[in-house]
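Novice: Coordinates for the following, if possible.
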Amino acid sequence: MDTLSDSAYKILAVDDDAITLELLTEILSARYYVTVCSGGKEAIKYLDENNFDLIITDLMLPDMSGIDVLAHAKRRDAFAEVLMITGHASVETAAAALSGGVGSYMLKPFSIRELCGRVDKMVAKRSFLTKSLQLLARCDAIDPTVKEHIDDITSLYFFTRKLVLTLEISEVMRIILEEANRKVGAVFCSLEVNHLGYKEVFSMSRSGLVGKEHLNNVFAEHWNDAFICTARAIFFKGTIPHHVCEGQPGEFCEASGYKCWNYRLVVPGKTFGSLSVWMASDSEINDRFDRHLHIMTSIASPVIEHIYADRMALHQAKTDGLTGVSNKRHFYEALDREIARANRKKNTFALVLADIDNFKKINDTHGHQIGDAVLIELTKHLKDNVRVGDVVARYGGEEFVLILPDTDLDGAVTLANRIREAIAGSPFANMKYYVPYTSSFGLAMYDGAAPPINKDELIHIADTALYYSKHHGKNRVTVATKDGAGIVCKDTHSEYII
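Specialist: I've put the predicted structure just below:
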């Protein structure tokens, strides 16, 4: 350590495994000052008392998550470089780390060569940032025009760095709005997007929190100045989500009148949104800031487009293409989570399987297009009758499944019978076809206070109940329970009155 220069970069390594800390110290201390600690609280104390160029943290710490250490480091320094190492990886934790701004993510056991390469790359980024800040601090004697240009280049660099460190759309929008407000001193800025079926508006005032009512009044008055992509009438009916972010500390100060400058969000072949900068009517945006905002939105556009494409891909991976409800894969994931939650909280939930009666006959008689239309209509009955938080999924073919959290047997049976009656009482009809149809239901309860069973066994119990319904008259709800003698089915068709 004595051979290191005063300018060597400083690394904080956080891990509850002493062998990992010893290894990190051994391989990094030849080039960097390395400080180690074994817990999140100790790491936060070090971060508050020292300036580190890179933080290497485990995801699972004894007293908190590495995500919490990441968040604290980012609050202190938005450009903090954080490398996360974990032996407990999942899509969710990786997404949380990336959304929180982690610079790199590695799995244990890791390659020493790979680790050193990533550390050197992240320290190089930190070095560039540090030298840029030092240059700005020393440029008072430079020609004002050159100084402005350096300032703009640096601002765009910092803006780009923040932009690419998150996969969370709300955080990306916040970064863009905050930069636009800061750069031109706007009263507030708004971003609207109409892309891949998503229509959203994001707004942020320069300081404080602007009310939606005030925003709507300004938008209505300047009808032709903003919202170049989204149907304005739809927005003002309130059907487009409008997310309002809080600006810098302070009170929002509304202007007596407004001017709007509009900057399009463009990817090759498509304008998919716009950044609207709202200034007081007696203010102007000069040529320098106008250029800056054009460049800013050019940088931001592909990032926004990519994140919405990612969001759609994730949605499609979990969604049935025909009906729009969850697919079988997402259902299995949701069921695993609900079983774990029920075991933890010792509560109950219901699993309901639903199947259209004589569906093959509908397809054979009227064709697969009408069969698909019947599936879509049945899905609507399911979604119309469940609560927020319930899961509706297509299990396969004409079979659907419901997960009803925090539900007892009577509530589950009542709901299933209500859906059954809605389906039986609403034949599919269009200009050419009239197709009455019914559905059968099988229901199983999971009790978190009882000895646990796995998801396959629970599905088998519900499937047995559905089989009973299908072979004992159809258009009915059957409850199945399992005891020492096997699975017992109980027909509820005449026992529960809606």
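Novice: okay, CA-based contacts and neighbour counts for the rest of this
Specialist: Will do.
Novice: ok so residue 47 is a strand residue?
Specialist: No: per DSSP: H, G, I helix; E, B strand; the rest coil, residue 47 lies outside any strand segment and is helix.
Novice: how much space between the closest residue to it other than its chain neighbours and residue 51?
Specialist: Spatially, and ignoring its direct neighbours in sequence, residue 47 is nearest to residue 73 (6.9 Å; C-alpha to C-alpha, 6 or more residues apart in numbering). Distance, residue 73 to residue 51, by C-alpha to C-alpha, to the nearest Å: 10 Å.
Novice: Tell me which of the two has more neighbours.
Specialist: More neighbours surround residue 73 than the other of residue 73 and residue 51, with 23 against 15 (other C-alpha atoms under 10 Å).
Novice: List the residues that contact that one.
Specialist: Residue 73 makes contact with 44, 47, 80 under the criterion C-alpha atoms under 8 Å, 6 or more residues apart in numbering.
Novice: So which bits of stretch 416-436 are buried?
Specialist: Buried residues in stretch 416-436, counted by 16 or more other C-alpha atoms under 10 Å: 416-423, 427-428.
Novice: er, stretch 269-278 actually
Specialist: Applying 16+ other C-alpha under 10 Å to stretch 269-278 flags 271-278 as buried.
Novice: all helices of the stretch 251-400 of the chain, in order?
Specialist: Using DSSP state H, counting those that start in this stretch, the helices of the stretch 251-400 of the chain run over 287-317, 328-345, 359-366, 368-385.
Novice: Between these, which one is closest to residue 457.
Specialist: helix 328-345 (11.9 Å; C-alpha to C-alpha).
Novice: what packs against that closest one?
Specialist: With contacts taken as 3 or more C-alpha pairs under 8 Å, 6 or more residues apart in numbering; DSSP states H and E, helix 328-345 sits against strand 348-356, strand 391-396, strand 439-447, helix 455-470.
Novice: If we use 10 Å, what do you get?
Specialist: Helix 328-345 is packed against helix 287-317, strand 348-356, strand 391-396, strand 399-405, strand 439-447, helix 455-470, with contacts defined by 3 or more C-alpha pairs under 10 Å, 6 or more residues apart in numbering; DSSP states H and E.
Novice: Quickly compare those and say which is most buried.
Specialist: Greatest average neighbour count among those goes to strand 439-447 (a mean of 26), per mean count of other C-alpha atoms under 10 Å.
Novice: now the angle between strand 348-356 and it, please.
Specialist: 160 degrees (axes from the mean of the first three to the mean of the last three C-alpha atoms, to 10 degrees).
Novice: From the chain's centre, how far out is strand 439-447? Work that out for me.
Specialist: 31 Å (C-alpha atoms, centre = their mean, to the nearest Å).
Novice: now it against helix 368-385, angle please.
Specialist: 40 degrees.
Novice: mind listing what strand 439-447 pairs with, with the direction of each?
Specialist: strand 348-356 (antiparallel), strand 477-483 (parallel) (DSSP bridges).
Novice: Can you say which of the ones you listed is nearest to residue 328?
Specialist: Nearest of the strands paired with strand 439-447 (C-alpha to C-alpha): strand 348-356, 12.4 Å.
Novice: and the particular helix or strand that has residue 129 in it, which residues are buried?
Specialist: Assessed by DSSP states H and E, residue 129 sits inside helix 112-137. Buried residues in helix 112-137, counted by 16+ other C-alpha under 10 Å: 115, 118-119, 122-123, 126, 129, 132.
Novice: picking up where we left off before, switch the strands paired with strand 439-447 over to TSV; also include mean pLDDT.
Specialist: Shown next, in TSV, are the strands paired with strand 439-447 (pLDDT from 0 to 100):
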stretch	mean pLDDT
strand 348-356	96
strand 477-483	91
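Novice: circling back: I'd like the helices and strands packed on helix 328-345 written out as TSV, with distance to residue 264 added.
Specialist: TSV is the format used below for the helices and strands packed on helix 328-345 (distance: least, C-alpha to C-alpha, whole Å):
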stretch	distance to residue 264
helix 287-317	7
strand 348-356	47
strand 391-396	38
strand 399-405	43
strand 439-447	50
helix 455-470	49
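Novice: how about the helices of the stretch 251-400 of the chain in a markdown table, adding distance to residue 101?
Specialist: As requested, these are exported to a markdown table (distance: least, C-alpha to C-alpha, whole Å):
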| stretch | distance to residue 101 |
| --- | --- |
| helix 287-317 | 15 |
| helix 328-345 | 26 |
| helix 359-366 | 50 |
| helix 368-385 | 36 |
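Novice: Would you reformat those as TSV and include mean pLDDT?
Specialist: TSV is the format used below for these (pLDDT from 0 to 100):
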stretch	mean pLDDT
helix 287-317	88
helix 328-345	92
helix 359-366	94
helix 368-385	94
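Novice: Of all the ones you listed, which one comes closest to residue 453?
Specialist: helix 328-345 (8.7 Å).
Novice: What's the separation between the closest residue to residue 447 other than its chain neighbours and residue 478?
Specialist: Once flanking residues are discounted, residue 447 sits nearest to residue 348: 4.5 Å by C-alpha to C-alpha, 6+ apart. According to C-alpha to C-alpha, residue 348 stands 18 Å off from residue 478.
Novice: low-confidence ranges in the stretch 1-150 of the chain?
Specialist: 1-7, 88-92, 94-95, 98-99, 132-133, 135-142 (pLDDT under 70).
Novice: all helices for it, in order.
Specialist: 18-28, 40-49, 66-76, 91-99, 112-137, 144-163.
Novice: Tell me the gap between whichever strand or helix holds residue 416 and the middle of its chain.
Specialist: Here residue 416, judged by DSSP H and E, is contained in helix 409-424. A distance of 32 Å separates the centroid of the chain from that of helix 409-424, by C-alpha atoms, centre = their mean.
Novice: Quick check: can you name the pairing partners of the next helix or strand after it and their directions?
Specialist: Downstream of helix 409-424, the next assigned helix or strand under DSSP H and E is strand 428-429. Strand 428-429 has its sheet partners listed here by DSSP bridges as strand 434-435 (antiparallel).
Novice: List of residues touching the strand it pairs with?
Specialist: The contact list for strand 434-435, computed with C-alpha atoms under 10 Å, 6 or more residues apart in numbering, reads 362, 365-366, 370-371, 374, 426-429.
Novice: between those residues, which is closest to residue 194?
Specialist: residue 374 (30.6 Å).
Novice: The closest one - nearest residue in space that isn't next to it in sequence?
Specialist: residue 428 (6.4 Å).
Novice: before we move on, the earlier item: from the contacts of residue 73, which single one is nearest residue 335?
Specialist: Closest to residue 335, out of all of the contacts of residue 73 and judged by C-alpha to C-alpha, is residue 44, at 36.5 Å.
Novice: other SSEs contacting the helix holding residue 129?
Specialist: strand 10-14, helix 18-28, strand 54-58, strand 81-86, strand 104-107, helix 144-163.
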